[in-house]
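Peer 1: Just need the structure, nothing else, for what follows:
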Amino acid sequence: MHTFHIPVMGLAYTVDSPIKVARYGISSVISIVEDRLMEMMRKHYYPTINQEYTPIADYEENHREKRITDYLNLVNTIVQSQVEKLRKAAFEKGSEIVKYFEMLPEDSLLKNLYTKMLHVTNTAEKLDLQAFLRTQIKPGAIDVNIMTKTVDPITALKGYVNSDLTDSSVVFSAGMDPRLYNYLEECSQFDADAAGVFRKKVIVKVSDYRSALIQGKYLAKKGIWVSEFRIESGLNCGGHAFATEGFLLGPIMEEFKANRKELVASLFELYQAAVKRKSGREITAPPELKYSVQGGIGTCEEDEFLRNHYEVAGTGWGTPFLLVPEATTVDEATLKLLCDAKEKDVVLSNSSPLGARFHYLKGTTGESERLSRIAKGKPGSPCTEKHLTFNTEFTSEPICTASRKYQQLKIAQLQSLNLPEAEYEKQCDSVLEKECLCVGLSNAAAIHYNEKFVKTLNAVTVCPGPNIVNFSKVVSLQTMTDHIYGRADILSNPDRPHMFIAEMRLYIAYLKEHLENDSLSDQLSKKTKYYSAFFHNLNEGIRYYQKLADTVTAATEKFMAQLEDACAALELLNCRYMACAVS
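Peer 2: Sure thing, here's the model as predicted:
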């Protein structure tokens, strides 16, 4: 129905987005790794449909899996009920059915038919058109996200597999997990039926073509078809950021576009053989393989360029939807912080216990709580959820680097090493920067719905992309949709750079930071190959954009000037790097 989707955001922020937007044909993604959050949402939503909430206790066998399955079934039940009610609504101003059709993109055939119906004067004909329009109403997909790097992604997958969701997808993010992907082979729910239709589909989030090829082939050999590659900017995104070696989004998308047929062919050859081996079925034609793209999109012009030039099926709009209470779940205090966010407030931090860089909004209660614990001499968080417990530096059982236990042990070790003061402070800061994300990214829903998530732990962490600084007011779902389709303009930053320029600047800043850090630690000479490739890839990206400038934006002169500035900044950085490497 729509050309955009709402990607997963944190744990809480899109936990019930389908209940808010699916009835309008808008697809959204729920993170399902945090089962305690699913349980809290079950408690909240069952009474809203006049059904009794029956807790699934921690001591029950397979309680994580059961919670996830039941919550997804509950969401599906609510959405299906909403859609049936919407279909029966009157075509009158302010009604749900009118809102459904008014939000559709202008070039939608269904939107054109709706517009035609409005101007029909013959009553019988109008009623016939209305009856047909009702039959065409379709909800947006209820998709789920599993971050592969968590401790137990297989249980989350089992919860999804056992749910009654159909025409739905699981989105795998954060790279390949062979154990998780091997388990997929056992799940018949991802097999196509006799007509070639998938009841449940697989989407893989990637940041470059090579990753798509590797993961796609691995799954195809298991008889699992990737229905969509969701391509995300390595740095111009919210949450965890997985930077490429200077490969920019435009050239990456161009590579996907150029190799579309080859990718499908290479995956299908492996998939076809695997299906025959597993079931004896002969498949003669490859299933559909879509591309979508997300990361820093902010205008209709950018959205249309991505869809038209790179021939993608859709785009992901995440961060701006944090300011749409009709679509996402954000507590009032955090919502105000997001509205007021300036460039200095959004940092590419080392806060995540996962070890990957993490976009982080400063000033949250999560940051305040972390700093307060440090000030009291009790750094680190209680580790109640244990989804990111990977460290065995001091313990036989893995623990989280944001936990109180780890941070106290690590700081004690640093104190025993008699390091120079500057080095001690640097290493100590890197330990204390880690923050509990399991609870921090869940609490917004607990506060918003006045429910209890984890007793005595109420701090909120939020992870918008840098694009949040260009949006500064709370808007309705219809207004945000109008902005995406060019029917409104809600940008608050008149100097906002094009998304390609914004990403390029992020990469240059990222490169500069790494050069400085490696220069201080005498690592430059060991990484010459890495840095040479990084500089080369960024310069190639700039040249690519220069050739494409007239097509990318109407503000060509400004765009070209910003590319020249980037060239100069890179040249200066390269000179400094060469001087440091030689010395």
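Peer 1: Now do the strands in the chain.
Peer 2: For the chain, strands defined by DSSP state E occupy the ranges 4-6, 27-31, 142-147, 168-173, 200-206, 226-232, 240-241, 290-294, 314-316, 346-349, 357-361.
Peer 1: Quick check: which of the ones you listed is nearest to Lys455?
Peer 2: Minimum separation from Lys455 across the strands of the chain (CB to CB) falls at strand 27-31, 22.0 Å. (C-beta placed from N, C-alpha, C; glycine too.)
Peer 1: got the angle for the closest one vs strand 168-173?
Peer 2: Put simply, strand 27-31 runs at 60 degrees to strand 168-173, going by axes from the mean of the first three to the mean of the last three CA atoms, to 10 degrees.
Peer 1: Show residues contacting strand 27-31.
Peer 2: Identification of contacts with strand 27-31 by CB atoms under 8 Å, 6 or more residues apart in numbering yields 2, 5-8, 10-11, 14-18, 21-22, 72, 75, 140-147, 171, 327.
Peer 1: For the strands of the chain, give me TSV that also has mean pLDDT and distance to His119.
Peer 2: Output for those, formatted as TSV (pLDDT from 0 to 100; distance: least, CB to CB, whole Å):
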stretch	mean pLDDT	distance to His119
strand 4-6	98	28
strand 27-31	98	30
strand 142-147	98	35
strand 168-173	98	37
strand 200-206	98	38
strand 226-232	98	37
strand 240-241	97	48
strand 290-294	98	34
strand 314-316	98	30
strand 346-349	98	46
strand 357-361	97	47
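Peer 1: nearest to Lys547, of those strands?
Peer 2: The nearest among the strands of the chain, by CB to CB, is strand 290-294 at 19.6 Å.
Peer 1: Kindly format the C-alpha coordinates of the closest one as PDB.
Peer 2: Output of strand 290-294 as PDB, limited to C-alpha atoms (Å, rounded to 0.1, in the frame of the first residue of the first chain):
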ATOM      1  CA  LYS A 290      13.400  -7.100  -3.400                       C
ATOM      2  CA  TYR A 291      15.700  -4.300  -2.300                       C
ATOM      3  CA  SER A 292      14.900  -1.600   0.100                       C
ATOM      4  CA  VAL A 293      17.000   1.200   1.500                       C
ATOM      5  CA  GLN A 294      17.200   3.200   4.800                       C
END
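Peer 1: Pull out the buried residues from that strand.
Peer 2: 291-294 (16 or more other CB atoms under 10 Å).
Peer 1: Could you point out which of the residues you listed is nearest to Leu213?
Peer 2: Checking the buried residues of strand 290-294 one by one against Leu213 (CB to CB), the nearest turns out to be Tyr291, at 13.2 Å.
Peer 1: residue contacts, the nearest residue to Gln407 once chain neighbours are set aside?
Peer 2: The shortest distance from Gln407 to any non-neighbouring residue, by CB to CB, 6 or more residues apart in numbering, is to Gly380 (3.6 Å). Contacts for Gly380 (CB under 8 Å, 6+ apart) come out as 373, 402-408, 434.
Peer 1: and the gap between Gly380 and Leu457?
Peer 2: 13 Å (CB to CB, to the nearest Å).
Peer 1: separation between Ala569 and Leu548?
Peer 2: 20 Å.
Peer 1: again with Val431
Peer 2: 44 Å.
Peer 1: And for the closest residue in space to Gln413 that isn't next to it in sequence, the neighbour number?
Peer 2: Nearest residue to Gln413, sequence neighbours excluded (CB to CB, 6+ apart): Phe394, at 7.7 Å. By the criterion of other CB atoms under 10 Å, Phe394 has 13 neighbours.
Peer 1: just the one 10 residues further on next, same as before
Peer 2: Other residues within reach of Arg404, judged by other CB under 10 Å, total 17.
Peer 1: cool, and Leu157?
Peer 2: Count around Leu157 with other CB under 10 Å applied: 24.
Peer 1: Which pLDDT does the model give the residue nearest to Asn574 when sequence neighbours are not counted?
Peer 2: Spatial nearest neighbour of Asn574, excluding adjacent residues (CB to CB, 6+ apart): Phe535 at 5.5 Å. With respect to pLDDT, Phe535 scores 97.
Peer 1: Pull the contacting residues for Phe535.
Peer 2: Counting by CB under 8 Å, 6+ apart, the residues that Phe535 touches are 246, 511, 570, 573-574, 577.
Peer 1: And those residues, which is closest to Glu302?
Peer 2: So of the contacts of Phe535, ranked by how close each gets to Glu302 (CB to CB), first place is Gly246, at 21.3 Å.
Peer 1: Pretty sure that closest one sits against Phe534.
Peer 2: Yes. Between Gly246 and Phe534 a contact is recorded at 4.1 Å, counting by CB atoms under 8 Å.
Peer 1: tell me, what's touching these two both at once?
Peer 2: Joint contacts of Gly246 and Phe534 (CB under 8 Å, 6+ apart) are Leu511.
Peer 1: so how far is the longest helix seen in the chain from its chain's centroid?
Peer 2: Looking across the chain with DSSP state H, the single longest helix is helix 556-582. Counting by CA atoms, centre = their mean, to the nearest Å, helix 556-582 is centred 30 Å from the centre of its parent chain.
Peer 1: What's the mean pLDDT across that helix?
Peer 2: Mean predicted confidence for helix 556-582 is 92.
Peer 1: OK, contacts around the residue nearest to Gln415 when sequence neighbours are not counted?
Peer 2: Spatially, and ignoring its direct neighbours in sequence, Gln415 is nearest to Tyr424 (7.7 Å; CB to CB, 6+ apart). If you count contacts by CB under 8 Å, 6+ apart, Tyr424 has them with 414-415, 417.
Peer 1: so how far is Arg210 from Tyr424?
Peer 2: In terms of CB to CB, Tyr424 sits 40 Å off from Arg210.
Peer 1: Please apply the same query to Leu184.
Peer 2: From Leu184 to Arg210 the distance is 21 Å (CB to CB).
Peer 1: And for Gly239?
Peer 2: 22 Å.
Peer 1: So for those two, which sits in the more crowded spot?
Peer 2: Gly239 (27 against 13).
Peer 1: Next up, phi/psi of the residue of the chain positioned farthest from its centre, please.
Peer 2: When distances are taken from the C-alpha mean of the chain, Asn122 lies farthest, 47.1 Å away, according to CA atoms, centre = their mean. The phi and psi torsions at Asn122 (degrees, to the nearest 10) take the values phi -70, psi 120.
Peer 1: what's near enough to touch Cys187?
Peer 2: Contacts of Cys187 by CB under 8 Å, 6+ apart are 157, 161.
Peer 1: rerun at 10 Å
Peer 2: Taking CB atoms under 10 Å, 6 or more residues apart in numbering as the contact definition, Cys187 lies against 157-158, 160-162, 170, 200, 202, 224.
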